[in-house]
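>>> this one's structure only:
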């Protein structure tokens, strides 16, 4: 179903090692949860008790690698991911196509959590079929299609990892995950990426998918033209 239709209902859930956040789209508008919730709230969250036209579940896994379709070979997927992420022998490696970029995103959701699997079995679309848990990076890349400005900056940060995508026009310039134990470090990598690409934050909008604490949002407003919470 087209999410632009007035009767569409959808839920988007972001999962990390220590909890989850979600956003509900209803015919009357968009309702967002109050920041991050702990796993103990899972079975008492009323929004999880009904079905939706659309369900999206993302995991903030740092184990991701984007490969152009022309260079992707299924037999080498694990090796390609191991070049940029630390993999254990038991890590399960998956892929998802990103048609808008003519690329394949290689990833592993094996990061020591089970919450995303429980949510996928609990929060169901109208069909009753559990949705696939995809990496947060996939949704950052997909969001580029919806941004109208020339400089496109989309980020997520939680549990010590900054997920960052930067594009100019239709050209993807950066898609990476940085270890950032605090928001100051997350901002450092954000500005470092922009500096290397010679982007001026004063004329750029930064879009954030994960909930931003008020102090973090105000910190970004000091440098960027605008801060948008997606």
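Everything's here; your move. No experiment lies behind these values; they were computed from the predicted model shown.
>>> Quick check: which ranges of the protein have low pLDDT?
1-6, 30, 32 (pLDDT under 70).
>>> ok, the most centrally placed residue in the chain - contacts?
In the chain, the residue lying closest to the centroid (Cα atoms, centre = their mean) is residue 136, at 2.7 Å. By Cβ atoms under 8 Å, 6 or more residues apart in numbering, residue 136 lies in contact with 14, 58, 59, 60, 61, 156, 163, 209. Using the backbone N, CA and C atoms, a C-beta is placed for each residue, glycine as well.
>>> of those residues, buried ones?
14, 58, 59, 60, 61, 156, 163, 209 (16 or more other Cβ atoms under 10 Å).
>>> Which one of those is nearest to residue 124?
residue 58 (16.4 Å; Cβ to Cβ).
>>> tell me the contacts of the closest one?
12, 13, 14, 15, 133, 134, 135, 136, 138, 139.
>>> If we only consider those, which is nearest to residue 218?
Closest approach between the contacts of residue 58 and residue 218, by Cβ to Cβ: residue 14, at 21.8 Å.
>>> Confirm for me that the closest one is in contact with residue 210.
Yes - using Cβ atoms under 8 Å, residue 14 makes contact with residue 210 at a distance of 6.0 Å.
>>> Need the overlap of contacts for the two.
21, 60, 156, 158.
>>> Identify the residues contacting the second one.
Same thing as residue 60. 14, 15, 16, 17, 135, 136, 156, 158, 159, 161, 163, 210.
>>> Check the last one too.
Applying Cβ under 8 Å, 6+ apart, we find residue 158 in contact with 14, 16, 18, 36, 60, 210.
>>> Not counting residues beside it along the chain, what's closest to the fourth one?
Here the nearest residue to residue 36 in space, its sequence neighbours aside, is residue 19; by Cβ to Cβ, 6 or more residues apart in numbering that works out to 4.6 Å.
>>> Look up how far residue 212 lies from the one you found.
15 Å (Cβ to Cβ, to the nearest Å).
>>> same thing with residue 174?
20 Å.
>>> burial of residue 213, as a residue count?
Other residues near residue 213 number 11, with proximity taken as other Cβ atoms under 10 Å.
>>> From residue 71, how far off is it?
39 Å.
>>> same check, this time on residue 225
Using Cβ to Cβ, residue 225 is found at 36 Å from residue 71.
>>> Which other helices and strands does the longest helix seen in the chain contact?
Across the chain, the longest stretch assigned as helix under DSSP state H is helix 183-196. Counting contacts by 3 or more Cβ pairs under 8 Å, 6 or more residues apart in numbering; DSSP states H and E, helix 183-196 is packed against strand 151-158, strand 161-168, strand 171-179, helix 214-221.
>>> highest average neighbour count across the ones you listed?
strand 151-158 (a mean of 25; mean count of other Cβ atoms under 10 Å).
>>> what's the angle from it to helix 183-196?
160 degrees (axes from the mean of the first three to the mean of the last three Cα atoms, to 10 degrees).
>>> Give the partner strands of strand 151-158 in its sheet and their orientations.
Using DSSP bridges, the strands paired with strand 151-158 are strand 161-168 (antiparallel), strand 205-208 (parallel).
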